[in-house]
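1. dropping a prediction and its sequence here:
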2 protein chains.
Amino acid sequence: MKVRMEVNVRSFIEHNDLRGLKALLEDQDAATIVEMIDELEPEEKVIVFRLLPKELAAHVFSELDPKEQMKLLSLFKEERVKEIINSMDPDDRTDLFDELPANVVKKLLEYLSPQERALAITLMNYPENSAGRIMTPEYVDLKEDMTAAEALQHVRETGKDKETIYVLFVIDRTRKLVGSLELKDLIFAEQNQKVSEIMNSNPLYVHTTDDQETVARFMADHDLLAVPVTDSETRLVGVITIDDVVDVLEEEATEDIQRMASLGATYTSYLHTGWHRFFKGRVLWLLVLFIMEAFSAVVILHYIDLLQRFVALAAFIPIMIGIGGNVATQSSALVVRAISVGEMDLKDWWKAILKEVIVGGLIGVTMGLLLVAISHLVIPVWYLSLSIGVALFFAVLVSAVLGGALPFLAKLLKIDPAYMSGPVVTTAVDVLGILIFFSVIGRLV
Amino acid sequence: MKVRMEVNVRSFIEHNDLRGLKALLEDQDAATIVEMIDELEPEEKVIVFRLLPKELAAHVFSELDPKEQMKLLSLFKEERVKEIINSMDPDDRTDLFDELPANVVKKLLEYLSPQERALAITLMNYPENSAGRIMTPEYVDLKEDMTAAEALQHVRETGKDKETIYVLFVIDRTRKLVGSLELKDLIFAEQNQKVSEIMNSNPLYVHTTDDQETVARFMADHDLLAVPVTDSETRLVGVITIDDVVDVLEEEATEDIQRMASLGATYTSYLHTGWHRFFKGRVLWLLVLFIMEAFSAVVILHYIDLLQRFVALAAFIPIMIGIGGNVATQSSALVVRAISVGEMDLKDWWKAILKEVIVGGLIGVTMGLLLVAISHLVIPVWYLSLSIGVALFFAVLVSAVLGGALPFLAKLLKIDPAYMSGPVVTTAVDVLGILIFFSVIGRLV
């Protein structure tokens, strides 16, 4: 990896060498500047922003945390705010507005030029997490009867501020999408060839209302640098580029992992999230799980006489529910991820169940036999240690199957399958494990 | 999303309409063809491959599962195998060779042209999971003193088979990387401007030995379409493009999720992995966890007299360890992900601990008070129900801190922090929870 020079931006500011700092910053890309100013106080960041050309300032601003963006907006002079939000890419601006309180958005909208304002409002009107929200209306469009040379000239003339010029879209007179081509097709074509001969006349596209994650995975599968976005009448309205897709995929993975851990909300940043937000999100789920878990106490109290007779049985409760929980976590993680990346769909539920029955059964036999041997050391009564082993076998089998089944059940109920993993299945399986344990032993003893 | 026509490839084959099928397939991209032939038997796939032009055949082949690739290689005629592996992109070929047994690779290497063979061997010699393994040596290089027009002409002449022409690299006479530029810079430049004036003379780059995940995140952060790869003397040796990076990020997320669930191995596909592989990977981890969990039995047996006196205490064991496990899962998932996406590093350990102490403490107080109330209904002895609540408070606090600390400990020991989540922390916290429960109650009673 390129070794970065460790630039101390703060010392430039302290020595008031703003000209030197400016020269240094202008050569960097936005992400590098974000790294360089990471440790600065907001007031110092404002100084840095004053030194940046407005396009670059807008890019750097787009890369910051929503919380920081809000803070900076309150510190910038009005003129600077206007410049930055007018220079931002429309998709980044939608992202920002999504995070801001409505009254701030209203104020910022007033700062936009009429044209940009209309654009911003259109984009914000698309449903949350839809393709419309991450697209930008800044693309290059071509006509079918242009020659390659004309098309390239058109790119030169109109492409400068566009999100990408590497993927180009061909539209007809009604703005309907009729084809797509890559810039390289134009470069390698005979210069008098028609666009209609070069283009792919069966272009891949997505709708404004499609889900972002689906779009992201679609683009990743087809190795697309950009995908056209159309309205319900296949009129071209925008483009989504690969850099946005990378962000979406990363966010979705984070969301999945956090849902699998029952965190109650999605936190885009660990360090920048306050303890009260974590507390609120986490404690709510924990209370639900607490209530679920309380049923295991009810079961144990129900079998209190049995336990009184063989109090050493209590020693096996953690093993019983621990192993069950671990197996269920394994199964659900596999199934949730396979559903999430699109490898399995609702119709594949039986394949997962079948696999979990086989794998869960084998694991159950292995663990069961092991526990028979170990428990016999503690309670040297064969029928008791055998019962404990049999109970573990069933607990493991049920855990594996439930871990595989619950994500599909969630999918059926249109809930994100990721919720059906980690603590949720572990807790469900705890209660079932206790129930199996005592009812098997109660029956066999 | 574009509605795909549901093409029944099999019916084309059954009706022996191979010409029709060929015409249909030639218009599709590789990913679409993979979808279309997904349900076919291997023997039918061989027929489809015969119809594809060799470049497209190589692309489709690259997109298949390693297991399928191996099967097809055994079914293809020798001539077809030669064509396909000679036409594959070098990076995809490295991917394939990584998965094949050594004797098959040896045979396939013989099929390659001398030039491609030398290339393949060079790439395979880079360490596993390094940038060298996913790069391709097929890039366009420019010289500093070319004009924009000359450079564009050079791209036209040499760019056809290259992995990308949208990012171009400038090298000196010793092949040292001196700059980079995007194709759009050439397009928008004055045609007689020198490359040296247009290029970014401080280009971002990575080394052949850099870790793939680090490279992927680096490219994502800087919104790069392609990044140059250099050897230790900054000589340009290859390029990594964004489509490979998307795959790496997806694989890393899958690996993280599976490690967090203690699955014992990384499974790239749920449906295509046999039960014996799942069994082997899962049962090994479960045995380790079994041994850890067994300590909780030891603790309980140690306190068997106390339990004999108040047998209803057993009813609280699942709640005690369940809640602790859930809290630890939450904390570790947050910290593991934050480390994984590069938000936190080893030096930030104290920030995580501090946050977990605060959040864990608050959750502990909430849950503890709740349990005092509930347990008082079961065991109406104030000092007992108070002890139970105090025990839960400590169990939750310890779980939160341990869940936040273990991923950092793993990082310190150069183990992937993802292992320190889910079942591993849950089990550790189970044992501690039991220990806290009985020692608090044993002391207060």
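-> Sure thing, it's come through.
2. quick check, A:Met135 in contact with A:Leu236.
-> No - the criterion here is C-beta atoms under 8 Å, and A:Met135 misses it with A:Leu236 at 10.4 Å. Quick note: C-beta positions are derived from backbone N, CA and C, even for glycine.
3. any common contacting residues for the two?
-> Common contacts of A:Met135 and A:Leu236 (C-beta atoms under 8 Å, 6 or more residues apart in numbering or on different chains): A:Val229.
4. neighbour-wise, which of these two wins?
-> A:Met135 (29 against 23; other C-beta atoms under 10 Å in any protein chain shown).
5. name the nearest residue to that one, ignoring sequence neighbours.
-> Distances taken as C-beta to C-beta, 6 or more residues apart in numbering or on different chains place A:Gly238 nearest to A:Met135, at 3.4 Å, with adjacent residues excluded.
6. can you pull the pLDDT of A:Ser87?
-> A:Ser87 carries a pLDDT value of 89.
7. can you tell me the element the spatially closest residue to it that is not a sequence neighbour falls in?
-> Leaving aside its sequence neighbours, A:Ser87 sits nearest to A:Ala58 (C-beta to C-beta, 6+ apart; 3.7 Å). According to DSSP states H and E, A:Ala58 maps onto helix A:54-63.
8. and that helix, how far out from the chain's middle?
-> 24 Å (C-alpha atoms, centre = their mean, to the nearest Å).
9. what are the contacting residues of that helix?
-> Residues contacting helix A:54-63 (C-beta under 8 Å, 6+ apart): A:25-26, A:30-31, A:33-34, A:37, A:49, A:52, A:69, A:72, A:80, A:83-85, A:87-89, A:92, A:95-96.
10. would you map the strands across the stretch 101-250 of chain A?
-> A:141-142, A:167-171, A:177-182, A:206-207, A:226-230, A:236-241 (DSSP state E, counting those that start in this stretch).
11. what residues are bridge-paired with the residue nearest to A:Met135?
-> A:Val229 (DSSP bridges).
12. list the contacts for the residue most central in space within chain A?
-> In chain A, the centroid-proximal residue (C-alpha atoms, centre = their mean) is A:Glu252; its distance is 1.2 Å. Contacts for A:Glu252 (C-beta under 8 Å, 6+ apart) come out as A:213, A:216, A:340.
13. put together a markdown table for those, with neighbour count and pLDDT on each row.
-> Below are those laid out as a markdown table (neighbours: other C-beta atoms under 10 Å in any protein chain shown; pLDDT from 0 to 100):
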| residue | neighbour count | pLDDT |
| --- | --- | --- |
| A:Glu213 | 18 | 89 |
| A:Ala216 | 26 | 92 |
| A:Ser340 | 23 | 90 |
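14. returning to that earlier point: and the residue nearest to A:Ser87, how far is that from chain B?
-> For A:Ala58, the distance to chain B equals 14 Å [C-beta to the nearest C-beta, to the nearest Å].
15. cool, A:Ile84 as well?
-> 18 Å.
16. that residue in helix, strand or coil?
-> helix (DSSP: H, G, I helix; E, B strand; the rest coil).
17. that one against A:Phe76, yeah?
-> Yes - here A:Ile84 reaches A:Phe76: they are 7.3 Å apart, a contact under C-beta under 8 Å.
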